[in-house]
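Visitor: what follows is a protein structure lacking sequence information:
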């Protein structure tokens, strides 16, 4: 399978996802993978920490136990 076909297959699968937590996880992996060897500036690192703290404060997270239960459904 060439890269364009692979990309289209992934896009097709993503369009079927309705779980925001899964989409955020995929987004994070893509963002990480697109950066040079995972390098992140101190400014970006601190911004991501602040964003994560805000999400946690809003209750926008999934517990480890709940994630394990979700994974069993995949």
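Guide: Looks like it came in fine. From a predicted model like this one, the values you see are computed outputs, not experimental measurements. Residues are numbered from 1 along each chain as shown.
Visitor: and the helices in the chain?
Guide: Assigned by DSSP state H, the chain shows helices spanning 3-16, 20-34, 42-57, 64-72.
Visitor: make CSV from those helices and add mean neighbour count to it.
Guide: Where you see a C-beta, it was placed from the backbone N, CA and C, and this is true even at glycine. As requested, these are exported to CSV (neighbours: other Cβ atoms under 10 Å):
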stretch, mean neighbour count
helix 3-16, 10
helix 20-34, 12
helix 42-57, 10
helix 64-72, 10
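Visitor: now the weakest link among those helices, please, by mean pLDDT.
Guide: Mean pLDDT values for the helices of the chain show the minimum at helix 20-34, a mean of 86.
Visitor: which other helices and strands does that one contact?
Guide: The criterion is 3 or more Cβ pairs under 8 Å, 6 or more residues apart in numbering; DSSP states H and E, and there are no helices or strands that helix 20-34 contacts.
Visitor: next one: that helix to chain centre, how far?
Guide: What separates the centre of helix 20-34 from the centre of its chain is 2 Å, taken as Cα atoms, centre = their mean, to the nearest Å.
Visitor: repeat for stretch 2-17
Guide: For stretch 2-17, the distance to the chain centre is 16 Å (Cα atoms, centre = their mean).
Visitor: the residue nearest the centre of the chain and residue 19, how far apart?
Guide: The chain has residue 25 as the residue nearest its centroid, 1.9 Å off, counting by Cα atoms, centre = their mean. Going from residue 25 to residue 19 by Cβ to Cβ, to the nearest Å gives 9 Å.
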